[in-house]
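In: The following block contains a protein sequence and its predicted model.
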There are 2 protein chains.
Amino acid sequence: MPEQKSAVVLVSGGLDSATALALARHEGYACRALSFDYGQRHRFELESARTVAQTLGVIEHITMAIDLRAFGGSALTADIDVPRDRPAGAPGEVSADIPVTYVPARNTIFLSLALGFAEARGCADIFIGVNAIDFSGYPDCRPAFIEAFQKTANLATKMGVRGQRIRIHTPLIGLTKAQIIQRGMALGVDYGLTTSCYDPAADTGRPCGRCDACRIRAAGFADAGITDPATA
Amino acid sequence: MPEQKSAVVLVSGGLDSATALALARHEGYACRALSFDYGQRHRFELESARTVAQTLGVIEHITMAIDLRAFGGSALTADIDVPRDRPAGAPGEVSADIPVTYVPARNTIFLSLALGFAEARGCADIFIGVNAIDFSGYPDCRPAFIEAFQKTANLATKMGVRGQRIRIHTPLIGLTKAQIIQRGMALGVDYGLTTSCYDPAADTGRPCGRCDACRIRAAGFADAGITDPATA
């Protein structure tokens, strides 16, 4: 029996990364999930990450602690209010007006730790559920960033030097939120297990309904003509 | 009075990063030091990092915990013996025979966290004491890696999108170990405060004298014609 190919998948507990994990599984990868307890306001998502990883079937799941509150500089990691009812930008837009929920260098940090995890396990494939269409305009969700990171990864590692090419897979990067949801539903993803809110109620985890993450999620389900099982 | 320019400097407690910090201070940067408690076997170095940062004068010092033992895959983060009396490679050589002290993606991880720290403080300059001459042949010490990371950093961040160019400074990258030591001595660095050993005695921190780090350090002091104050 040939050895099954394996991948590291970044799993946040949200809708996009659950879909990325389902797609990696569908492509035949044995998956190792990586989540971060980074001091995020919506730490509640880590419960969802555990359930999503278990339900979709992973061979390993690490939740790594890195206290990005030591740096701060974001509404998610410092005492800065999460914006509510912010007007949506145009699809695919990255402007200089990046919202305060941007966490400095977050995806670079997450991908570099995924790279360390992958290389330590002898695995050359990394999946990340970034999306550059229905998103908050974060610079580290764009294709140009991902391409540059992939190039860096191949220069950074023993694996790269040995010619075992590292690939950063972004299966959602060009999809609308509605398309992501439809893709996931077709693969049997239970979105009732996922959570997207940046600022959920501390006791129940109930989403606020008014932050960017809630609004983009709600618009995606509406466009797809599907009721969000997490809020039903 | 014009605002003083500031930089984030990666400080490990070793000889190279102490010199990089001294050079950054000499160039007029107000410095923020960043160290990592990453589960390294030679965790003893963090004491040196604190002393070095204090002595050379920093405005902030964060020691961040990230448990890379969860990934393992290196003699520094797993139960793998540190090689002793390993024959030195040719200066500047990176071969497929990268030693087991290589930590998967370590400098990518460290630089990405430095990037998050820098951006959160509104600072566009990062110093790292990598050296590609008298080193262990790690891929993530090479100029091509640094250039790729710098490009990634500028695509990853709000700062980059806004055109505030992020620079990764590697003032030691082309120097021999002897030149690094001479440069640092001229700036008044007390190398007696630094530690390089990968596998020091657990109780005293006394260097083993036989790992790559000890051997490269000893050769550097010998070439410079200086007695190492840490072992005198």
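Out: Cool, the structure landed.

In: The closest residue to A:Asn154 other than its chain neighbours: neighbour count?
Out: Excluding its sequence neighbours, the residue lying closest to A:Asn154 (Cβ to Cβ, 6 or more residues apart in numbering or on different chains) is A:Gly160, at 3.7 Å. Any C-beta I mention is one placed from the backbone N, CA and C, and that applies to glycine too. By other Cβ atoms under 10 Å in any protein chain shown, 23 other residues sit near A:Gly160.

In: Validate this expectation: A:Gly160 resides in a helix.
Out: Yes: using DSSP: H, G, I helix; E, B strand; the rest coil, the assignment for A:Gly160 is a helix.

In: That one: what's it in contact with?
Out: A:Ala153, A:Asn154, A:Ile166, B:Pro139 (Cβ atoms under 8 Å, 6 or more residues apart in numbering or on different chains).

In: At which residues are the strands of chain A located?
Out: A:6-10, A:30-37, A:60-65, A:125-127, A:167-169 (DSSP state E).

In: And these: which comes nearest B:Phe145?
Out: strand A:167-169 (16.1 Å; Cβ to Cβ).

In: beta partners of A:Arg167?
Out: A:Asp125 (DSSP bridges).

In: That one contacts A:Ala124, doesn't it?
Out: Yes: shown here, A:Arg167 and A:Ala124 form a contact pair, counting by Cβ atoms under 8 Å, at 6.5 Å.

In: And the two? Which one has more around it.
Out: A:Ala124 (20 against 13).

In: for that one, what are its contacts?
Out: A:Ala118, A:Met159, A:Gln164, A:Arg165, A:Ile166, A:Arg167.

In: The last one and chain B: what is the separation?
Out: Spelled out, that is A:Arg167. 15 Å (Cβ to the nearest Cβ, to the nearest Å).

In: now the first one
Out: In this structure, A:Ala118 and chain B are 8 Å apart, going by Cβ to the nearest Cβ.

In: Identify the residue spatially nearest to A:Gly92, adjacent ones excluded.
Out: Closest to A:Gly92 by Cβ to Cβ, 6+ apart is A:Ile133, at 5.3 Å.

In: what about the one you found, neighbour count?
Out: Neighbourhood size, A:Ile133 [other Cβ under 10 Å]: 17.

In: can you tell me how far it sits from A:Asp85?
Out: 21 Å (Cβ to Cβ, to the nearest Å).

In: Where does pLDDT dip in chain A?
Out: A:1-2, A:89, A:94-96 (pLDDT under 70).

In: Which two among the contacts of A:Gly160 are spaced furthest apart?
Out: Top of the distance list for the contacts of A:Gly160 (Cβ to Cβ): A:Ile166 and B:Pro139, 11.8 Å.

In: what is in contact with the two at once?
Out: What both A:Ile166 and B:Pro139 touch, as defined by Cβ under 8 Å, 6+ apart, is the set A:Thr157, A:Gly160.

In: Tell me who's in contact with the closest residue to A:Asp16 other than its chain neighbours.
Out: Take A:Asp16 and drop its neighbours on the chain: the residue closest to it by Cβ to Cβ, 6+ apart is A:Gly129, 3.6 Å away. Contacts here follow Cβ under 8 Å, 6+ apart; on that basis A:Gly129 touches A:Leu10, A:Ser12, A:Gly14, A:Asp16, A:Ser17, A:Ala18, A:Thr19, A:Ala20, A:Leu21, A:Thr170, A:Pro171, A:Leu172.

In: Mark which of those residues are buried, thanks.
Out: A:Leu10, A:Ser12, A:Gly14, A:Asp16, A:Ser17, A:Ala18, A:Thr19, A:Ala20, A:Leu21, A:Thr170, A:Pro171, A:Leu172 (16 or more other Cβ atoms under 10 Å in any protein chain shown).

In: want to throw the residues you listed into CSV with distance to B:Arg217?
Out: Output for those, formatted as CSV (distance: Cβ to Cβ, whole Å):
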residue, distance to B:Arg217
A:Leu10, 38
A:Ser12, 42
A:Gly14, 46
A:Asp16, 47
A:Ser17, 44
A:Ala18, 48
A:Thr19, 50
A:Ala20, 44
A:Leu21, 45
A:Thr170, 42
A:Pro171, 47
A:Leu172, 48
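
In: In helices, which of those appear?
Out: A:Asp16, A:Ser17, A:Ala18, A:Thr19, A:Ala20, A:Leu21 (DSSP state H).

In: Closest one to B:Tyr191 out of these, please.
Out: So of those, ranked by how close each gets to B:Tyr191 (Cβ to Cβ), first place is A:Ser17, at 46.2 Å.

In: gap between that closest one and chain B?
Out: A:Ser17 is 18 Å from chain B, where distance means Cβ to the nearest Cβ.

In: Quick one: residues contacting that residue.
Out: For A:Ser17, the contact set (Cβ under 8 Å, 6+ apart) comprises A:Val9, A:Leu10, A:Val11, A:Ala49, A:Val52, A:Ile128, A:Gly129.

In: residues in contact with A:Arg215?
Out: A:Asp85, A:Arg86, A:Ala88, A:Gly209.

In: Just the buried ones among those, please.
Out: Among these, those buried by neighbour count (16+ other Cβ under 10 Å) are A:Arg86.

In: Of all pairs in the contacts of A:Arg215, which one is the farthest apart?
Out: A:Ala88 and A:Gly209 (14.6 Å).

In: How are the helices of chain A distributed by residue range?
Out: According to DSSP H, chain A carries its helices in the segments A:15-26, A:45-56, A:106-120, A:143-156, A:158-161, A:177-186, A:212-224.

In: Distance to A:Ala202 for the ones you listed - can I get that in a markdown table?
Out: Shown next, in a markdown table, are the helices of chain A (distance: least, Cβ to Cβ, whole Å):
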| stretch | distance to A:Ala202 |
| --- | --- |
| helix A:15-26 | 21 |
| helix A:45-56 | 13 |
| helix A:106-120 | 22 |
| helix A:143-156 | 33 |
| helix A:158-161 | 42 |
| helix A:177-186 | 26 |
| helix A:212-224 | 16 |
